[in-house]
Structures are given as structure tokens and as C-alpha cells.
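**Q** The following block contains a protein sequence and its predicted model.
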Amino acid sequence: MNTDFQAEAYNENEMISELLQRVERHDYSYMMSDDHRSWSAGTKSEKEIEQLIHSLCGIMRVDAYGLLSDCLEVRDEQYRDGLTHKVIKGWFRTYIK
């Protein structure tokens, strides 16, 4: 995994794969953590996910609705109406009307 994300170093399929992996591994409760390290790691992770979404949807013009659907599917069904899916949908608010 590339921790220093460089959009130009990836093709579209690699970027989508990276995004889905990050969405799957992201700590969706980081903002409620009392541990500053957990909070910092979650903030960094979220910014990197948002950067990938912008690169894919805003620059490369990947279908935002399809990508949102793919991101929602990588999470378990139990999260469909919970915090996780609200956060994911929030990342796409600029690209979904």
C-alpha cells in the first residue's frame, strides 16, 4: 500500500481498488476517540479517502453514483443505515446531487 498517495502514479482501476481498500479499513469511530493518535490516524485516513474520491470523480470523471455504491458495498450490511454509511455518503456529497 502506498502511504504517500500520489494520484498521477496510479491508473483508474488501481485508484478504485485503493479507495475500496481504504474504505474497508477506515476507523469510522475515530472522531469519538479519546486517544489523540487514533484521532490523528483517522483524520489522515479520511483526508486520503476524500483525496482519492476527488481525483476519481472530480478530475477523472468516474461515475460518482457507481463509485459510491461500490464503497457502500464493501461495508457489512449491518452498517447500511448507521454511521459508516452516513460518513461514506458524506464523502461524495460534492459529486452526488
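**A** Sure, I can see it.
**Q** Quick check, pLDDT for Ile49.
**A** pLDDT recorded at Ile49 is 98.
**Q** and the nearest residue to it once chain neighbours are set aside, what does it touch?
**A** Once flanking residues are discounted, Ile49 sits nearest to Arg22: 5.1 Å by Cβ to Cβ, 6 or more residues apart in numbering. For the C-beta atoms, the positions are set from N, CA and C on the backbone; glycine is no exception. Arg22 sits next to 45, 48-49, 52 when contact means Cβ atoms under 8 Å, 6 or more residues apart in numbering.
**Q** starting at the chain centroid, how far to stretch 51-69?
**A** 10 Å (Cα atoms, centre = their mean, to the nearest Å).
**Q** again but with stretch 16-23, I slipped
**A** Worked out by Cα atoms, centre = their mean, stretch 16-23 lies 7 Å from the chain centre.
**Q** Buried residues of it, list them for me.
**A** Under the neighbour-count criterion of 16 or more other Cβ atoms under 10 Å, stretch 16-23 has 16, 18-20, 22-23 buried.
**Q** name the element the residue nearest the centre of the chain belongs to?
**A** Nearest residue to the geometric centre of the chain (Cα atoms, centre = their mean): Ile49, 3.7 Å. Take DSSP states H and E as the rule and Ile49 turns out to sit in helix 36-53.
**Q** Other residues contacting that helix?
**A** 5, 7, 15, 18-19, 22-23, 25-27, 30-31, 33, 67, 91-92, 95.
**Q** Then stretch 56-68?
**A** 7, 12, 15-16, 19, 53, 88-89, 92, 94-96.
**Q** Mind giving me the ChimeraX command for buried ones among the residues you listed?
**A** The ChimeraX selection below is limited to those of these classed as buried (16+ other Cβ under 10 Å):
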select :15,16,19,53,88,92,95
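**Q** Turn the contacts of stretch 56-68 into CSV, including pLDDT.
**A** CSV is the format used below for the contacts of stretch 56-68 (pLDDT from 0 to 100):
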residue, pLDDT
Ala7, 50
Glu12, 93
Met15, 96
Ile16, 96
Leu19, 97
Ile53, 98
Ile88, 94
Lys89, 93
Phe92, 97
Thr94, 96
Tyr95, 96
Ile96, 94
